[in-house]
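Enquirer: Make a model of this:
(chains A and B)
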Amino acid sequence: GAVVSQHPSRVICKSGTSVKIECRSLDFQATTMFWYRQFPKQSLMLMATSNEGSKATYEQGVEKDKFLINHASLTLSTLTVTSAHPEDSSFYICSARGQGRGTDTQYFGPGTRLTVL
Amino acid sequence: GENVEQHPSTLSVQEGDSAVIKCTYSDSASNYFPWYKQELGKGPQLIIDIRSNVGEKKDQRIAVTLNKTAKHFSLHITETQPEDSAVYFCAARDRFSGNTPLVFGKGTRLSVIA
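Expert: Below you'll find the model as predicted:
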């Protein structure tokens, strides 16, 4: 299947700092990228959908000023958690869908474990 | 909007037995149904998917069946092995509806006992 990478895989930061997570589609052009959040033993919670070159569409209850999403190219999207607090600690996973791999199929990255102290 | 229900939430089987996970969906417009396997600490991996123009699809020990009339689809794993132990998610969407995201079930934790 297609490859989606995420960096970093794990990050620990102090409360109040900002953290940037990168998501890359390595072998296809991702016209649409999705960011999810997952708490232990729970399902995937969609945070936002982004299209290359456009502003992201956020799900209800997700603060767009806190979770900044940039999808500047067809292979890269970033999620920045601004002024992180302990309640932002979670597993963040990106997903990509796009050209050349079947526009139906969504491929997931390996996830980023964020711990805010 | 779409709503996907998944059962059971947990499933334990003996190695070599079969496992079946079932999902129902609410939106008759949905026509794409993937299944993902998520191992601990990792992102979900697509294992099989089916589109509404077919009723069954098989890939080695894994098969998915779709009943559009009843709006349900199922994952079948035969000859289970310990490495099949993971959380499995079903999902659904209307693939002709632009950027709509997948709607996921709540997941099934499968344990294969050696």
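Enquirer: and chain A, which of its residues are near chain B?
Expert: Residues of chain A lying near chain B by C-beta under 8 Å from any C-beta of the partner chain: A:1, A:4, A:6, A:32, A:34, A:41-44, A:46, A:49, A:51, A:57, A:93, A:103-111, A:113. For the C-beta atoms, the positions are set from N, CA and C on the backbone; glycine is no exception.
Enquirer: now, which of the residues you listed lie within strands?
Expert: Of the positions in the residues of chain A next to chain B, A:4, A:6, A:32, A:34, A:46, A:49, A:51, A:57, A:93, A:107-108, A:113 sit in strands, assigned by DSSP state E.
Enquirer: Which per-residue confidence value corresponds to whatever residue of chain A ends up closest to chain B?
Expert: The nearest approach of chain A to chain B comes at residue A:108, 4.0 Å away (C-beta to the nearest C-beta). pLDDT for residue A:108: 95.
Enquirer: Quick one: name the residues of chain B near chain A.
Expert: B:32, B:34, B:36, B:41-46, B:49, B:51, B:89, B:95, B:99, B:101-102, B:104-107, B:109.
Enquirer: how about a cut-off of 6 Å?
Expert: With the criterion set to C-beta under 6 Å from any C-beta of the partner chain, chain B comes near chain A through B:32, B:42-44, B:46, B:95, B:99, B:101-102, B:104, B:106-107.
Enquirer: returning to what we had before: burial of the closest residue to the residue of chain A closest to chain B other than its chain neighbours, as a residue count?
Expert: Spatial nearest neighbour of residue A:108, chain neighbours left out: residue B:43 (4.0 Å); criterion: C-beta to C-beta, 6 or more residues apart in numbering or on different chains. Using other C-beta atoms under 10 Å in any protein chain shown, residue B:43 is surrounded by 23 other residues.
Enquirer: Give me the distance between residue B:43 and residue B:86.
Expert: 12 Å (C-beta to C-beta, to the nearest Å).
Enquirer: again, but for residue A:115
Expert: For residue A:115 relative to residue B:86 (C-beta to C-beta), the value is 23 Å.
Enquirer: Who has more neighbours out of these two?
Expert: Neighbours per residue, other C-beta under 10 Å: of residue A:115 and residue B:86, the larger number sits with residue B:86, 21 against 13.
Enquirer: Next, the buried residues of the one helix or strand residue B:50 maps to.
Expert: Assigned by DSSP states H and E, residue B:50 falls within strand B:45-51. Across strand B:45-51, burial judged by 16 or more other C-beta atoms under 10 Å in any protein chain shown covers B:46-50.
Enquirer: Next: stretch B:107-114.
Expert: Neighbour-count burial for stretch B:107-114 flags B:107-108, B:110, B:112 (criterion: 16+ other C-beta under 10 Å).
Enquirer: where do the strands sit along chain B?
Expert: Going by DSSP E, chain B shows strands at B:4-7, B:10-14, B:19-25, B:32-38, B:45-51, B:56-59, B:62-67, B:72-77, B:86-92, B:103-104, B:108-113.
Enquirer: Please identify which of the ones you listed is closest to residue A:19.
Expert: Checking the strands of chain B against residue A:19 by C-beta to C-beta gives strand B:32-38 as the closest, at 22.6 Å.
Enquirer: Point out the other helices and strands that that closest one packs with.
Expert: Packed against strand B:32-38 by the contact rule (3 or more C-beta pairs under 6 Å, 6 or more residues apart in numbering or on different chains; DSSP states H and E) you find strand B:45-51, strand B:86-92.
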